[in-house]
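S.K.: Okay, sequence plus prediction incoming.
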Amino acid sequence: MSKKYIEVVGEGSYQECPEQVVLDVELSVRSAKEESAGKGNRKIADALVNELLESGLTKKEIYFGGRESFVPWWKRKKAGQETRTKITIISSRRELVYQATEQINRYIDNKRITVEVSERQPVYKAPEDAEFEALEAALKNAREKAVHLAQSASCVLGEVLEIEEWKRNTRSSGSYGDPDWWGDSGAMMGAAGSAGFDDEPASYLQGSNRTVYVKLRVRYEIKPAVPYRSIFNRG
């Protein structure tokens, strides 16, 4: 005979902190000829890397993100070539990264050269044991729900029959590269912005944390609060 059961979902959560920032520096060089566009791009890309190294970043924090060449669709009937190079910075030294990318040469006076800096999702890390504590909280929450429902149905809980963890959901931090379009995460600039000046928020504020939600589906055996035999043997 199959056991009667009650099934509930318990919830828990934990916080992840931004451990490293990830920024892309994209260099674009336009020229009438493919060869000159490629040479010009490589030369300027080398200069950009040297500027980043001179700012204090190391080679272990700077990565080559690839290079591509193409003819813009609106110029296909004209001579012209555009070459792009991506340089990616991954570092735990957030303030230094922002300061370094602010100081690189943006070639504002040269219409053939553009340098864009964009921030990607940071690398997050949870404190030690945070995940296990969240799972324990989810299991406790599930049992509290099950006890309440069982009492409402004049039953008592028996043994745990089954536990399943559902896919975890993450609430974004709201900072650049990790937007929270549907939430009210508050300070959007917590992990982004300029640095290198004592009065700038990014020079002394921590990055925005994000919340990870865990859910457990738990099935409990249920039994009548009063055994059937005792109902008929009250004496």
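M.R.: Thanks, I have the structure now.
S.K.: just the strands in the chain please.
M.R.: 5-31, 62-70, 81-91, 113-119, 123-125, 155-165, 169-171, 210-224 (DSSP state E).
S.K.: In a markdown table: those strands, plus distance to residue 40.
M.R.: Glycine gets a C-beta too; all of them are placed from N, C-alpha and C. Shown next, in a markdown table, are the strands of the chain (distance: least, Cβ to Cβ, whole Å):
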| stretch | distance to residue 40 |
| --- | --- |
| strand 5-31 | 5 |
| strand 62-70 | 11 |
| strand 81-91 | 8 |
| strand 113-119 | 8 |
| strand 123-125 | 33 |
| strand 155-165 | 53 |
| strand 169-171 | 42 |
| strand 210-224 | 40 |
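S.K.: Which one of those strands lies nearest to residue 131?
M.R.: strand 5-31 (6.0 Å; Cβ to Cβ).
S.K.: Where does pLDDT dip in the chain?
M.R.: 1, 33-35, 71-80, 181-204, 227-235 (pLDDT under 70).
S.K.: 90 instead, please
M.R.: Within the chain, the stretches with pLDDT under 90 are 1-3, 28-44, 67-84, 95, 102-114, 128, 172-208, 224-235.
S.K.: that older thread, so which of the strands of the chain is nearest residue 178?
M.R.: Taking the strands of the chain one by one with Cβ to Cβ, strand 210-224 is closest: 6.6 Å.
S.K.: Mind listing the strands that closest one pairs with, and their directions?
M.R.: Using DSSP bridges, the strands paired with strand 210-224 in its sheet are strand 5-31 (antiparallel), strand 155-165 (antiparallel), strand 169-171 (antiparallel).
S.K.: What residues sit buried inside the first one?
M.R.: In other words, strand 5-31. 5-6, 8, 10-14, 16-18, 20-25, 27-31 (16 or more other Cβ atoms under 10 Å).
S.K.: Who are the contact partners of residue 64?
M.R.: 86-88 (Cβ atoms under 8 Å, 6 or more residues apart in numbering).
S.K.: That one bridge partners, please.
M.R.: residue 87.
S.K.: is it true that residue 49 touches residue 87?
M.R.: Yes - at 6.5 Å, residue 49 counts as touching residue 87 under the criterion of Cβ atoms under 8 Å.
S.K.: Residues that sit against both of these two, list them.
M.R.: With Cβ under 8 Å, 6+ apart as the test, residue 49 and residue 87 both reach residue 62.
S.K.: neighbour count winner among these two?
M.R.: Neighbours were counted for residue 49 and for residue 87 using other Cβ atoms under 10 Å; residue 87 has more, 21 against 18.
S.K.: for that one, what are its contacts?
M.R.: 24-27, 45, 48-49, 52, 62-65.
S.K.: Next, count neighbours for residue 124.
M.R.: 18.
S.K.: wait, it sits on residue 15?
M.R.: No - in this structure residue 124 lies outside contact range of residue 15 using Cβ under 8 Å: 9.3 Å.
S.K.: Find residues that contact each of the two.
M.R.: Joint contacts of residue 124 and residue 15 (Cβ under 8 Å, 6+ apart) are residue 210.
S.K.: List the buried residues for the biggest helix by length in the chain?
M.R.: Longest helix in the chain, counting residues (DSSP state H): helix 130-152. Neighbour-count burial for helix 130-152 flags 130-131, 134-135, 137-139, 141-143, 145-147, 149-150 (criterion: 16+ other Cβ under 10 Å).
S.K.: coming back round to it: distance to residue 100 added to the contacts of residue 64, as JSON lines?
M.R.: Below are these laid out as JSON lines (distance: Cβ to Cβ, whole Å):
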{"residue": "86", "distance to residue 100": "16"}
{"residue": "87", "distance to residue 100": "11"}
{"residue": "88", "distance to residue 100": "13"}
